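*Asks:* Kindly generate the corresponding structure for this input.
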Amino acid sequence: MERKPAPPGFKWVFTRYRRVKNSDRVLDAHEYGYEAWAFLVRG
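*Replies:* From the prediction side, this is the model:
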């Protein structure tokens, strides 16, 4: 997975599972051909 450096004040967080907003559905990155989902978070 190619990614850019995180902007100042942010960091990358990687997780295999993620919940769909406003839903109880959980998505598995492996089912979509990814190792993990990547999110930018403050910190």
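*Asks:* The residue lying farthest from the centre of the chain: helix or strand, and which one exactly?
*Replies:* For the chain, the residue at maximal distance from the C-alpha centroid (C-alpha atoms, centre = their mean) is Pro8, at 18.3 Å. Using DSSP states H and E, Pro8 maps to neither a helix nor a strand.
*Asks:* how close does it sit to Gly43?
*Replies:* Remark: distance between Pro8 and Gly43 (C-beta to C-beta, to the nearest Å) = 11 Å. Bear in mind the C-beta positions are built from the backbone N, C-alpha and C, glycine included.
*Asks:* Then Lys21?
*Replies:* Distance of Lys21 to Gly43, given as C-beta to C-beta: 21 Å.
*Asks:* Put the alpha carbons of stretch 21-33 into PDB.
*Replies:* Only the C-alpha atoms of stretch 21-33 are listed here, as PDB (Å, rounded to 0.1, in the frame of the first residue of the first chain):
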ATOM      1  CA  LYS A  21     -21.100   4.800   9.400                       C
ATOM      2  CA  ASN A  22     -24.700   4.800  10.700                       C
ATOM      3  CA  SER A  23     -24.900   1.000  10.400                       C
ATOM      4  CA  ASP A  24     -24.100  -2.200  12.300                       C
ATOM      5  CA  ARG A  25     -22.300  -3.600   9.200                       C
ATOM      6  CA  VAL A  26     -18.600  -4.400   9.600                       C
ATOM      7  CA  LEU A  27     -16.300  -4.600   6.600                       C
ATOM      8  CA  ASP A  28     -13.300  -6.900   6.500                       C
ATOM      9  CA  ALA A  29     -10.400  -5.500   4.400                       C
ATOM     10  CA  HIS A  30      -9.300  -9.000   3.300                       C
ATOM     11  CA  GLU A  31     -12.700  -9.400   1.500                       C
ATOM     12  CA  TYR A  32     -11.800  -6.400  -0.600                       C
ATOM     13  CA  GLY A  33      -8.200  -7.500  -1.400                       C
END
